[in-house]
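>>> What would the 3D arrangement of this be:
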Amino acid sequence: MQIKLAPGWWTYWRMPGTSGMPPKFDWSGSKNLADEPELVWPAPHRAVAYRESLNVYRDEVVFPIELRPADPSKPIELHLKLAFAICKNICMPIVAEHRLTLMPSSAEPDLDNDNVALISAYTGRAPTPDPETCGLSIRQVRAERDGKNVALDIKVTGLSERRRPVVLIEGPEFVRASDAQAKPTDDIGAWTVRVGLGPATQLNALAGRRIRITVIDEGRALEQIWVVGASGSSTAGLGLTPVSHRLLDPPEPGASELFSLQ
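Have a look, this model is predicted:
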């Protein structure tokens, strides 16, 4: 799925930021799908507009789609209803509808080389769960109490010289983003970024739940799932343990679903 934008306009990532409308993909009218098509989300750009911190795409974005037929001998009939927003001086909601039939084939498909290159390029822009691929690594995540509030302290290695990564947190009933300056730790090469979560009463509700952490730094992006409290707790904070598989408990919409006109 490709969205092209006029100069100066933008659309949103799955987690828009402090305001915005994430793209919504509705495949409910499709036939012969084994399961819901899986989207690849390229890493967004961090932007500030009208005093709002946003996660956006400008100029163009391609969402590569992975899908499987329920019956490989029959065609897949794709029916997509896409709702998204584009913004510049104002924000405009857009609804698009597309249909496409993919025929089964036992031979090598006749591929368009330009489309193959475009899809490959945007697939490569998606955050990876593999630290060796992007050079970034999350070494530790701790939930710390700060008065009546709770924050996640995320220890990261491999940061660029600017040490101003964008850290995005998606969890049950909340989403957060931070582009604060990373602080040095006692471990050589390791830096800590703090992301505030809000009132401390949320901490108990997070126990045993999965959260998704995305770290974006100078064009590189790491995305991993952590389970709150899986490694126990201590006086320093609640430990979190990384999980290698995909997110099983998707974050609830919360405030990120709100669409504000500027």
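
>>> where in the protein is pLDDT low?
Along the chain, the model assigns pLDDT under 70 to residues 106-109, 201-205, 230-239, 243-262.

>>> Look through the protein and tell me its longest helix.
With secondary structure taken from DSSP state H, the chain has its longest helix at helix 113-123.

>>> By neighbour count, which bits of that one are buried? Give me those.
119, 122 (16 or more other C-beta atoms under 10 Å). (Each C-beta comes from the backbone N, C-alpha and C, glycine too.)

>>> Could you do stretch 132-152 as well?
So, applying 16+ other C-beta under 10 Å, buried residues of stretch 132-152: 134, 136-144, 150-152.

>>> distance between the ends of that stretch?
Counting by C-alpha to C-alpha, to the nearest Å, you get 23 Å between the two ends of stretch 132-152.

>>> follow-up on the earlier one: can you name every helix or strand that the longest helix of the chain contacts?
Applying 3 or more C-beta pairs under 8 Å, 6 or more residues apart in numbering; DSSP states H and E, we find helix 113-123 packed against strand 60-62.

>>> on that earlier part again, ok now the longest helix of the chain, how far from the chain's centre?
In this view, helix 113-123 has its centroid 20 Å away from the chain centroid, taken as C-alpha atoms, centre = their mean, to the nearest Å.

>>> Mind listing residues that contact it?
By C-beta atoms under 8 Å, 6 or more residues apart in numbering, the residues outside helix 113-123 that reach it are 2, 40, 42, 61-64.

>>> which of those are the two that sit furthest away from each other?
Across the contacts of helix 113-123, the longest distance by C-beta to C-beta is 12.7 Å; it joins Gln2 and Val40.

>>> one step back: let's see if you can find the most crowded of the contacts of helix 113-123.
Val61 (23 neighbours; other C-beta atoms under 10 Å).

>>> With Thr128 as the reference, measure out to that residue.
18 Å (C-beta to C-beta, to the nearest Å).

>>> I'd like to know which of the contacts of helix 113-123 is nearest to Glu161.
Of those, the one sitting nearest to Glu161 (C-beta to C-beta) turns out to be Pro42, at 24.3 Å.

>>> which SS class is the nearest residue to that closest one once chain neighbours are set aside?
Spatially, and ignoring its direct neighbours in sequence, Pro42 is nearest to Arg125 (3.9 Å; C-beta to C-beta, 6 or more residues apart in numbering). Look at Arg125: counting by DSSP: H, G, I helix; E, B strand; the rest coil, its state is coil.

>>> could I have the helix or strand containing Arg46 exported to CSV, CA atoms only?
Taking DSSP states H and E as the definition, one finds Arg46 inside strand 45-49. The C-alpha coordinates for strand 45-49 follow below in CSV (Å, rounded to 0.1, in the frame of the first residue of the first chain):
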residue,chain,number,x,y,z
HIS,A,45,10.1,10.7,11.4
ARG,A,46,9.8,12.7,14.7
ALA,A,47,8.3,16.2,14.1
VAL,A,48,6.9,19.1,16.1
ALA,A,49,3.9,20.9,14.7
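
>>> Point out the other helices and strands that it packs with.
strand 52-58.

>>> Tell me the secondary structure at Ile211.
Classified using three-state DSSP, Ile211 is strand.

>>> ok, residues contacting stretch 71-80?
Contacts with stretch 71-80, where a contact means C-beta under 8 Å, 6+ apart, come from 1, 25-33, 37, 67, 69, 96-104.

>>> Can you tell me which of those residues end up in strands?
Residues of the contacts of stretch 71-80 located in strands (DSSP state E): 25-26, 96-102.
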